[in-house]
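**Q** Dropping the sequence and predicted coords here.
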Amino acid sequence: MKRVYKAPEIIPLQNDFKTIFLAGSIEMDKAVNWQKKCEELLQNDYIIFNPRRNEWDSSWSQTIENNNFKEQVNWELNALEKADIVIMYFAGDTMSPISLLEFGLYAQSNKMKVVVEENFWRKGNIDIVCERYAIEQFKTLEELIQNLLK
């Protein structure tokens, strides 16, 4: 059975495993590929939805008229809705505006686990929202992954 789904692959309607959406810093490949580590360590226990597309083209206009871009955004929104758990990873030295948008959308969902690196430009905002809505926070991605494997 397939365990990792990347945009724009069709996500199965039902499966026997809990699902995880890998939300967080990509920043047009400026951020480290942290999603790969999650895939490797979690795919035996979970179905993974990874928005980091293999054939992303940064020249695509990010408009509703661009079918590739629209497909990507809709895939991510669908996967976020279907996921049992949302890992939200904010890498230092990135801006991650779409991750911030998704964080706001799912802050009250009770399915988010967050890592925000010390030098992320809006760490204070993330910390306060996590405290307010009792969102589980971890110091490192490794710590979060170990929590999921318990």
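**A** In hand now; what should we look at?
**Q** State the three-state secondary structure for the nearest residue to T140 once chain neighbours are set aside.
**A** Closest residue to T140 apart from its sequence neighbours, by CB to CB, 6 or more residues apart in numbering: V115 at 6.4 Å. Placement of C-beta: from N, CA and C, glycine included. The three-state label for V115, taken from DSSP: H, G, I helix; E, B strand; the rest coil, comes out as strand.
**Q** which residues of the protein score low on pLDDT?
**A** Low-confidence segments of the chain, defined by pLDDT under 70, are located at 28-30.
**Q** for it, which helix is longest?
**A** In the chain, taking DSSP state H as the definition, the longest helix is helix 67-82.
**Q** Name the next helix or strand downstream of it, please.
**A** Elements were assigned by DSSP states H and E; along the chain past helix 67-82, the next helix or strand is strand 85-90.
**Q** On the C-terminal side of that following strand, identify the next helix or strand.
**A** Following the chain from strand 85-90 toward its C-terminal end, the next helix or strand by DSSP H and E is helix 97-106.
**Q** Could you spell out the sheet neighbours of the host helix or strand of I20, each with its direction?
**A** Element membership for I20 (DSSP H and E) is strand 19-24. In the sheet containing strand 19-24, the strands it pairs with under DSSP bridges are strand 47-50 (parallel), strand 85-90 (parallel).
**Q** Pull the residues that contact it.
**A** Strand 19-24 is touched from outside by 31, 34-35, 38-39, 42, 46-52, 79-80, 82-91, 96, 99, 102-103, 106, 115, 148, with contacts defined as CB atoms under 8 Å, 6 or more residues apart in numbering.
**Q** Now which of these would you call buried?
**A** For these, a neighbour count by 16 or more other CB atoms under 10 Å gives the buried set as 31, 34-35, 38-39, 42, 46-52, 79-80, 82-83, 85-91, 96, 99, 102-103, 106, 115, 148.
**Q** wait, isn't the residue nearest to T140 in contact with M88?
**A** Yes - checked against CB atoms under 8 Å, the pair V115 and M88 is within contact range at 7.4 Å.
**Q** Quick check: bridge partners of the residue most central in space within the chain?
**A** Nearest residue to the geometric centre of the chain (CA atoms, centre = their mean): A23, 1.1 Å. According to DSSP bridges, the partner residues bridging A23 are M88.
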